[in-house]
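Colleague: how would this look folded up:
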Amino acid sequence: MSDETKTALQDAAEDVGTEKTTAASETTGKPLSKALRWFYGVGDFGFTLMSNVETYYFVFFLTNMALFDPATAALVAAIGSGVDAVLGWMYGGFINSLKPMKWGRYRSWLLVLPWVVPILYCLEFTRMSENTIIAAALIIFFNVTSHAAWDFPYVANVTMISVAGKTPEDRAHLASTRSMYANASKIVFSYLVPPIAMAGAALLGENNQYVLCAFIMGSIMALLYYAHFRMFKGYDKEYTKEELANYKQNKQADEGRTTFMDLMRALFTNPPLIALMLSDIAKWVFNFTCAGIAVYYFTYVTFQPELLATYIFISNVLCVVGSYFAPHFSKLFRSGKNNTVIMFLAMAAFMFAARAVMYNSWAVIVLMSIAQFGYGVVYAVTPALYADTVVYAQWKTGKNAAGWISGLQLFPLKIGFVVRGVAIPAILAAAGFVSGMEAGDATAPLQAGICNGFMTIPAIILIVAALILAIGFRLSPEKVKAYQAEIDSRGSTDAA
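Modeller: You can find the predicted model right below:
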């Protein structure tokens, strides 16, 4: 081979390498845009606005509007949330394993499914039959299908933190802004939903007042997830028609694709991830249980149901403030893990204090709202901790299972739903609650049971979670950076 030929081949190889590097930078090396830095999380604003209709009012709808007895309400909530929990942890695996759509493996889901949520979701708040079994079955069906329709985009959305954020600082920034928007929506929710519920009652009847709320909030979620879809353009690899047509032949070259065994290794060889998931259950139990039982506290313990909106407003303002200061606390406590452990213990302490003054509604509002400040901090920190376990899994297994691991955040969330759906009716039944009972008929044991569910039980769960995380999550920021550097080094070697 002549020297000229060798030189030409070398130049061609360099050109190809440059093209590959340029193409890769378009999807993996792109710095965070101003839109992402400032507005990533508006989709979570819509998602939380929508899901809070269920969080705050679903059990109340079952007992006081669908008029199911506590046992039936518990069964409906348990079956729906149980099926949802079984399916929920699989969605990230499906996204990682299925053939991607043309807008990207993760980004595409922000576009294709959210639009069906409003229809399915509003039917969840409708009793369609006088027959209890049929009515319960239909509510369970729409509960499960609406959750499936929003879980795929939820997983894709949170996975994009790992896809777009290439440094711990970027990931922490995205997680923090996401948390601020999500918790800010609760403030809006506290004053937006009551008038919409009143309009729904006037249009559809009092027992169907949350139908309109669910439909409107679901529509807002779909629109704002579309905004995320637009923001993430250029961060997730898009596929041409030819690539999709030949995907079956070329799928081994797609580093975002994983096999079932890859997914199992990413989970079961990842002790920090397992500890994080177990401790994360406490965060959602606190959120869902306290939110779902608050209406009973203000109705049957303090006889001031009008204060519920005030409690939701104040507690969620502090959630937003906590989210804003989360990165500062992580720096102060030297890691997101330490931050979370300390906040769990502090939240439990304030909840025990609230239990001690359970009949003083304003003291309870203040103390429980301070606990919600801690929740805002933890909510902001948690996605970045999951992103750290993504790095650890890739370092250990050589496979990028970002979608799968990010999707596993749904498992604690779904367990929280299950606990809420079972625990609240069980607590009420054990304390002597009767469906549709008047506030004046509340007994002292009923009031004590409601307060235990509102304060004591979630506080104990938070303490257990703090211990699990302190012992089981052994990833420091320094270790994560070292793992990422080694992964990047492997990539550079492969490219060479």
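Colleague: Leu273 and Gln409 touch, don't they?
Modeller: No: with contact defined as CB atoms under 8 Å, Leu273 and Gln409 do not form a contacting pair (10.3 Å). Glycine gets a C-beta too; all of them are placed from N, C-alpha and C.
Colleague: Look up the residues that both of the two are in contact with.
Modeller: Common neighbours of Leu273 and Gln409 (criterion: CB atoms under 8 Å, 6 or more residues apart in numbering): Tyr386.
Colleague: Just after the least confident helix or strand in the chain by mean pLDDT, pick out the following helix or strand.
Modeller: Using mean pLDDT, DSSP states H and E, helix 3-27 stands out as the lowest-scoring helix or strand of the chain, at a mean of 40. Using DSSP states H and E, the helix or strand that follows helix 3-27 towards the C-terminus is helix 34-39.
Colleague: Pull out the buried residues from stretch 182-192.
Modeller: Across stretch 182-192, burial judged by 16 or more other CB atoms under 10 Å covers 182-190, 192.
Colleague: Of the residues you listed, which is the nearest to Val378?
Modeller: Taking CB to CB as the measure, Val378 lies nearest Asn183 of the buried residues of stretch 182-192, at 11.1 Å.
Colleague: Could you list the low-confidence segments of the stretch 351-496 of the chain?
Modeller: When residues are selected by pLDDT under 70, those of the stretch 351-496 of the chain lie in 491-496.
Colleague: Tell me who's in contact with the closest residue to Leu75 other than its chain neighbours.
Modeller: Excluding the flanking residues, the one nearest Leu75 by CB to CB, 6 or more residues apart in numbering is Ala136, at 7.3 Å. Ala136 is in contact with 68, 72, 75-76, counting by CB under 8 Å, 6+ apart.
Colleague: Just the element for Ala136, please.
Modeller: Assigned by DSSP H and E, Ala136 falls in helix 132-164.
Colleague: Report the rounded mean pLDDT for the next helix or strand after that helix.
Modeller: Where DSSP H and E defines the elements, the next helix or strand beyond helix 132-164 is helix 168-204. For helix 168-204, the mean per-residue pLDDT is 85.
Colleague: cool, stretch 145-161 as well?
Modeller: Taken as a whole, stretch 145-161 has a mean pLDDT of 92.
Colleague: how distant is that stretch from the center of its chain?
Modeller: Remark: stretch 145-161 is offset 9 Å from the chain centroid, using CA atoms, centre = their mean, to the nearest Å.
Colleague: now stretch 372-383
Modeller: The answer for stretch 372-383 is 12 Å, by CA atoms, centre = their mean.
Colleague: then that stretch to PDB, C-alphas only?
Modeller: This file holds the C-alpha atoms of stretch 372-383, laid out as PDB (Å, rounded to 0.1, in the frame of the first residue of the first chain):
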ATOM      1  CA  GLN A 372     -43.300  19.100  54.900                       C
ATOM      2  CA  PHE A 373     -40.300  21.400  54.600                       C
ATOM      3  CA  GLY A 374     -38.100  18.300  55.200                       C
ATOM      4  CA  TYR A 375     -40.200  16.400  52.600                       C
ATOM      5  CA  GLY A 376     -39.400  19.100  50.100                       C
ATOM      6  CA  VAL A 377     -35.700  18.700  50.700                       C
ATOM      7  CA  VAL A 378     -35.800  15.000  50.400                       C
ATOM      8  CA  TYR A 379     -38.000  15.100  47.300                       C
ATOM      9  CA  ALA A 380     -35.400  17.300  45.600                       C
ATOM     10  CA  VAL A 381     -32.400  15.200  46.600                       C
ATOM     11  CA  THR A 382     -33.800  11.700  45.800                       C
ATOM     12  CA  PRO A 383     -33.600  11.700  42.000                       C
END
